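Peer 1: next comes the sequence, and after it the predicted model I'd like to discuss.
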Amino acid sequence: LNLLKQKGVQQWIFDELKQMNRVRFDYKDRANVTAEVINLSSKLNTKPVRQEDLLVADYLFEDFRPDLIKKTLESLRLDNLRVFFESKAFEGKVNREEKWFKIQYSLEPFPESFATSLTSFAENVDRQGKRLDIPARNPFIPKELEVLPGPSHVPKFPQKVYEDEQSVVWHKQDRTFLTPKGSVGVIIYGAQVLSEHIAERFYISLFHELFREHMREMNYLADQASLHIGVSGVNHGVQILLQGFSDSFEAGLEEIVKLWASFTVTEEKYHFVIEKLDHHFRNEFLQQPFYQTSGIRSRLMHTKGRYRPDESLETLQKASFAGFQDFLGKWMMKHRFEWLLMGNVSADAAKRMARNFQQSFQLLVKPNSQVLPKDEVLDVRVIKLSKKVMIHQLPLELESEKNSALLTYFQAGEGVDDKSRILNKILGDYIRDKAFDQLRTTEQLGYLVWGLEYHDDSVLGAGIIVQSHVAHPKYLSDRVEALLQLLRARLEQLTDEEFQKYVESVRVRLVQKNLTLFEEASNYWHEIESHHYVFDRRARKLAALSEVTKEEFRQYFEDVFFKERRCLEVHAVSKVHQEMYNTYQNFFDAERENVLSIKDFHEKMEKFSNLHSYKVTTA
């Protein structure tokens with residue numbers, strides 16, 4: 001506050017805010033109608049604004065009033081400051097109780113030492129070699145807002161506009177939304193440099209956390225300019241996404257490279273983030289049982305990817321600052337790029353941005369680096385289940401947890417054709433409503449019941465999750481089996497009219513248009529990061545949907561759940577249910593096998609085709 005008073009009111013800051021809010025209003029994306037109505041109606045009760053100004057009130061900065069800004073600053077003083085502290089450490093140490101909800105609290109003047117610490121904060125910052133200041137002028141504010149004229153023929157889907165041994169650039173110029181916005185995505189694939197993938201994945205996550213902190217000031221300025229930048233660690237490297245006004249992209253990409261080149265880690269920062277990740281992994285054990293079963297299913301079904309929190313904790317404890325530094329030195333010394341640039345961006349501009357970023361990356365971030373060949377991109381595989389019921393038990397450690405959960409997953413196989421994908425969508429809809437009605441409403445096994453369809457890349461499946469405070473997973477497994485028998489019988493009685501309702505439900509979702517350019521870009525980006533490149537997938541699914549028959553669906557149901565059954569169950573068992581679980585004998589007879597070691601399970605099971613690898617055969 002003293003800094004702001006010393007610097008005085010800066011009109012250029014007001015002018016930047018005025019400019020960006022005007023731009024945001026003029027180029028506001030189309031929103032969900034229902035959500036927008038709810039938002040505006042709530043403002044009628046909370047904002048002192050005329051009804052005719054309701055749409056613009058949040059955006060327009062009309063008058064620069066330094067006197068009002070100064071008056072507001074002068075009212076922010078220690079003598080009218082109220083500080084809220086919330087912690088379990090205060091339990092039994094408070095002396096008041098709120099009337100309605102019986103919340104216990106205290107209200108007292110803060111000590112003089114606290115006031116002193118606030119007034120001396122700026123001095124402490126200076127002694128640490130840091131400088132507290134107002135933000136710099138924003139380099140990301142867009143200046144060119146003209147929509148590019150379209151060529152005589154604009155391709156309907158992304159086109160490959162450049163390719164060499166180290167990179168591929170996909171591009172699509174927008175002619176649908178006609179807005180000066182766009183989306184840029186790039187994956188930088190790196191060769192695996194550590195012998196254990198889990199250790200490599202951990203260090204990539206660590207880099208992500210530290211680099212995100214390194215980008216904090218840049219992200220603040222970018223957000224002010226409606227440029228949303230995400231840099232995340234993924235299995236095979238780093239993914240960078242930019243969404244916003246296309247005139248800001250080159251400045252954003254340039255700044256990311258500069259920050260990466262200047263990225264250094266102190267041991268203090270390293271241990272701070274290690275402690276943060278330690279808390280995160282331990283909190284995974286406190287998640288609701290149904291959530292934990294989903295994480296375990298993903299871990300079991302993929303040879304590389306998400307790891308159990310106990311595995312991550314063990315890896316964290318083995319990690320070291322020196323090991324992380326050594327990893328950073330070797331990481332990305334072999335790499336390749338894959339791009340998608342969409343929106344108000346020409347093909348020439350897309351190639352220029354990609355080329356400039358790559359040249360800067362190789363010059364400033366990883367000099368003397370080499371090309372990563374396509375066939376060396378990380379090999380991720382999906383497990384091929386056998387014709388048994390594979391069971392993984394997950395004892396819940398939290399003493400206060402009263403719920404257990406069951407996840408039952410049925411693997412359908414590779415969905416290499418569009419009809420299989422459509423049948424799987426119909427199957428998901430069919431079991432979703434029926435599972436909820438039977439297991440939750442009729443049998444009252446628990447409040448949380450889901451019927452789901454699964455897509456592990458091109459591997460299809462379906463499943464049912466039940467979280468229950470009244471039953472353990474073995475009993476729930478029996479009830480799921482009984483449900484499937486019931487659905488099997490009902491399917492025999494399914495009329496053509498009832499089947500067409502399921503078909504129409506899928507059709508409605510497929511024909512729904514993207515509300516924004518960013519939604520469209522997200523769909524195409526998924527095709528690129530999975531290396532399938534089926535950009536007309538929606539049209540192909542609609543064509544397959546028009547041909548699907550009730551008999552095909554009935555046969556698909558029979559194959560998935562009975563004839564060709566390949567099943568995995570994850571049993572999350574609370575301490576309340578542990579004894580009953582141990583003594584219970586399943587009613588339905590099936591060949592079962594316990595999965596005790598994830599590593600052994602992965603080694604002995606067959607695998608499907610490679611995921612996230614250029615070795616994938618596209619459909």
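Peer 2: Nice, thanks for sending it over.

Peer 1: report the beta-bridge partners for V573.
Peer 2: Each beta-bridge partner of V573 is listed here: P395, as defined by DSSP bridges.

Peer 1: what is the neighbour count of it?
Peer 2: Other residues near V573 come to 22 when the count uses other C-beta atoms under 10 Å. Heads up, the C-betas are built off the backbone N, CA and C, glycines and all.

Peer 1: surely it meets P473?
Peer 2: Yes. The pair V573 and P473 passes the contact test of C-beta atoms under 8 Å, sitting 6.1 Å apart.

Peer 1: who touches both of those two?
Peer 2: With C-beta atoms under 8 Å, 6 or more residues apart in numbering applied, the overlap between the contact sets of V573 and P473 consists of S404, Y581.

Peer 1: tell me which element I274 falls in.
Peer 2: Taking DSSP states H and E as the definition, I274 sits inside helix 267-284.

Peer 1: that helix - contacts with which helices or strands?
Peer 2: Applying 3 or more C-beta pairs under 8 Å, 6 or more residues apart in numbering; DSSP states H and E, we find helix 267-284 packed against helix 197-214, helix 309-318, helix 321-330.

Peer 1: do that again at 10 Å, thanks
Peer 2: Judged by 3 or more C-beta pairs under 10 Å, 6 or more residues apart in numbering; DSSP states H and E, the packing partners of helix 267-284 are helix 197-214, helix 289-301, helix 309-318, helix 321-330.

Peer 1: now for this protein, the helix or strand with the poorest mean pLDDT.
Peer 2: For the chain, the helix or strand with the lowest mean confidence is helix 121-127, at a mean of 54 (criterion: mean pLDDT, DSSP states H and E).

Peer 1: distance from stretch 94-109 to the middle of the chain?
Peer 2: On the basis of C-alpha atoms, centre = their mean, to the nearest Å, stretch 94-109 sits 38 Å off its chain's mean C-alpha point.

Peer 1: typo on my end, it should be stretch 141-156
Peer 2: The chain centroid and the centroid of stretch 141-156 are separated by 30 Å under C-alpha atoms, centre = their mean.

Peer 1: please, which helix or strand holds the spatially most central residue of the chain?
Peer 2: Among the residues of the chain, the one closest to the centroid is S232, at 10.0 Å (C-alpha atoms, centre = their mean). Under the criterion DSSP H and E, the helix or strand holding S232 is strand 228-234.

Peer 1: and the next helix or strand after that strand, what does it pack onto?
Peer 2: Using DSSP H and E, the helix or strand that follows strand 228-234 in sequence is strand 237-245. On a contact count with 3+ C-beta pairs under 10 Å, 6+ apart, strand 237-245 meets helix 11-26, strand 181-190, helix 197-214, helix 216-224, strand 228-234, helix 249-261, strand 334-343, helix 517-529.

Peer 1: thinking again about what came up before, how big is the angle separating the helix holding I274 from helix 197-214?
Peer 2: Angular relation of helix 267-284 and helix 197-214 on a 0 to 180 degree scale: 120 degrees, by axes from the mean of the first three to the mean of the last three C-alpha atoms, to 10 degrees.

Peer 1: for T176, helix, strand, or coil?
Peer 2: Three states are possible here, and by DSSP: H, G, I helix; E, B strand; the rest coil the one that applies to T176 is coil.

Peer 1: nope, E146 is what I was after
Peer 2: coil.

Peer 1: in the stretch 501-619 of the chain, what residue spans correspond to helices?
Peer 2: Taking DSSP state H, counting those that start in this stretch as the test, the helices found in the stretch 501-619 of the chain are 517-529, 537-545, 550-558, 578-583, 598-604.

Peer 1: which elements pack onto the longest one?
Peer 2: I take that to be helix 517-529. Under the contact rule (3+ C-beta pairs under 10 Å, 6+ apart), helix 517-529 is packed against strand 167-173, strand 181-190, strand 237-245, strand 334-343, helix 537-545.

Peer 1: looking at those, which is nearest to Y524?
Peer 2: The stretch from the helices and strands packed on helix 517-529 with the least distance to Y524 (C-beta to C-beta) is strand 334-343; that distance is 6.2 Å.

Peer 1: got the angle between the closest one and strand 181-190?
Peer 2: With the same axes, to 10 degrees as the basis, strand 334-343 and strand 181-190 are set at 170 degrees to each other.

Peer 1: name the residues of the following helix or strand past strand 334-343 that are buried.
Peer 2: Next helix or strand after strand 334-343 toward the C-terminus (DSSP H and E): helix 347-360. In terms of neighbour count (16 or more other C-beta atoms under 10 Å), helix 347-360 has its buried residues at A347, A349, A350, K351, M353, A354, F357, Q358, S360.

Peer 1: in those residues, find the pair that's most separated.
Peer 2: Using C-beta to C-beta for every pair in the buried residues of helix 347-360, the one that comes out farthest apart is A347 and S360, at 20.8 Å.

Peer 1: picking that back up, okay, the helices of the stretch 501-619 of the chain in CSV with mean neighbour count and mean pLDDT next?
Peer 2: Compiled in CSV, the helices of the stretch 501-619 of the chain are given as follows (neighbours: other C-beta atoms under 10 Å; pLDDT from 0 to 100):
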stretch, mean neighbour count, mean pLDDT
helix 517-529, 18, 94
helix 537-545, 17, 95
helix 550-558, 16, 97
helix 578-583, 13, 93
helix 598-604, 13, 89
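
Peer 1: which one of these lies nearest to F25?
Peer 2: With C-beta to C-beta as the measure, helix 517-529 is the member of those nearest F25 (17.5 Å).

Peer 1: in stretch 270-286, what's buried?
Peer 2: Along stretch 270-286, the positions that meet the burial threshold by neighbour count (16+ other C-beta under 10 Å) are Y270, V273, I274, L277, F281.

Peer 1: out of the residues you listed, which is nearest to L81?
Peer 2: Using C-beta to C-beta, V273 comes nearest to L81 of the buried residues of stretch 270-286, at 31.2 Å.

Peer 1: now do the nearest residue to the closest one once chain neighbours are set aside against S574, distance only.
Peer 2: Leaving out its chain neighbours, the residue that sits closest to V273 by C-beta to C-beta, 6 or more residues apart in numbering is E209, at 4.8 Å. Computed with C-beta to C-beta, to the nearest Å, the distance linking E209 and S574 is 32 Å.
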